[in-house]
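I would like the atomic coordinates for the input below:
(one chain, ligands or ions: 1)
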Amino acid sequence: MSPDGIYGDETVAIVKDFQRKQGLGVDGIVGKNTMAALDTRFEWLSHRVRLHFISISLATVPFEESFSKAQKVYGQYGIDIQFGSGRSLLLTPAETAMFERIDQQCNWELTSGEYDKLHRLGPTVPAFEIKVYFVDKMRGVLGCGGHAPGRPAATVAKEAWRWDMGHEVGHVLLTKTFTPVHHPHQDNLMNAFPANNEVVKLLTDAQVRKIRTHPCCKRQYPVSPAY
Ligand SMILES: [Zn+2]
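As a prediction, the model looks like this:
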């Protein structure tokens, strides 16, 4: 159905159908028992990836939409994308000039040059948490998942597709050892040219399995529901 946020007749009918199949009282209302039955059907957020956002862009960056889209994609697979911290950097004029456009080619390992300099800016974050840099412009690309070993970071241009932050974080988590690097299907988050549409992007089972092995994707344990 097309989501409209309204708990209308269609929603009531579906809830009743679900209650009937679960052997619950059929009233179309999502109460305590129905909620518990729903909870058991969905995997809890068994893993988490914590991101730290650093903006060097002078303009407003599409942070909130990029973040919520990443949460939607990974959340489908029980991976909680968490907000670690966020800040804008106050750059010196020389740094501003250097980072106005990232000209360096994106590679898996970026141990020197503009990316390396950029990724050394901003806060020190806990080990196995990922820094995400929003920049104004990048030459030839809209994002890059490359970084120095042991310093996980992704870089995203402010005009990138709103799915792209999740895509670049996907590169960080999948690492260069996962193939194919880019998935051929447009609905997959790791497609090279993801359309900027409202359909929530997907990951394959193989991608999810690989992502869960990355040290930045940590297992977390459920908080008991407050019934
Ligand atoms: Zn890519």
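
In PDB, please show the C-alpha coordinates belonging to stretch 184-202.
Taking Å, rounded to 0.1, in the frame of the first residue of the first chain, the C-alpha atoms of stretch 184-202 are listed here in PDB:
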ATOM      1  CA  PRO A 184      24.000  -4.700 -10.900                       C
ATOM      2  CA  HIS A 185      20.400  -4.200  -9.600                       C
ATOM      3  CA  GLN A 186      19.200  -0.600  -9.200                       C
ATOM      4  CA  ASP A 187      17.300  -1.500  -6.100                       C
ATOM      5  CA  ASN A 188      20.400  -2.600  -4.300                       C
ATOM      6  CA  LEU A 189      22.200  -0.100  -2.100                       C
ATOM      7  CA  MET A 190      25.500  -1.000  -3.600                       C
ATOM      8  CA  ASN A 191      24.400  -0.300  -7.200                       C
ATOM      9  CA  ALA A 192      26.900   2.100  -8.800                       C
ATOM     10  CA  PHE A 193      24.200   4.500  -9.900                       C
ATOM     11  CA  PRO A 194      21.400   4.400  -7.300                       C
ATOM     12  CA  ALA A 195      18.400   6.300  -8.400                       C
ATOM     13  CA  ASN A 196      17.300   8.900  -6.000                       C
ATOM     14  CA  ASN A 197      13.800   7.500  -5.500                       C
ATOM     15  CA  GLU A 198      11.800   6.700  -2.500                       C
ATOM     16  CA  VAL A 199      12.000   2.900  -2.700                       C
ATOM     17  CA  VAL A 200      14.100   1.800   0.200                       C
ATOM     18  CA  LYS A 201      17.200   0.200  -1.100                       C
ATOM     19  CA  LEU A 202      18.100  -3.400  -0.400                       C
END
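
next one: it to chain centre, how far?
Offset of stretch 184-202 from its chain centre (CA atoms, centre = their mean, to the nearest Å): 13 Å.

Return the set of buried residues in that stretch.
188, 189, 190, 191, 194, 201, 202 (16 or more other CB atoms under 10 Å). All C-beta spots, glycine's among them, are computed from the backbone N, C-alpha and C.

now stretch 164-177
Neighbour-count burial for stretch 164-177 [16+ other CB under 10 Å]: 164, 165, 166, 167, 168, 169, 170, 171, 172, 173, 174.
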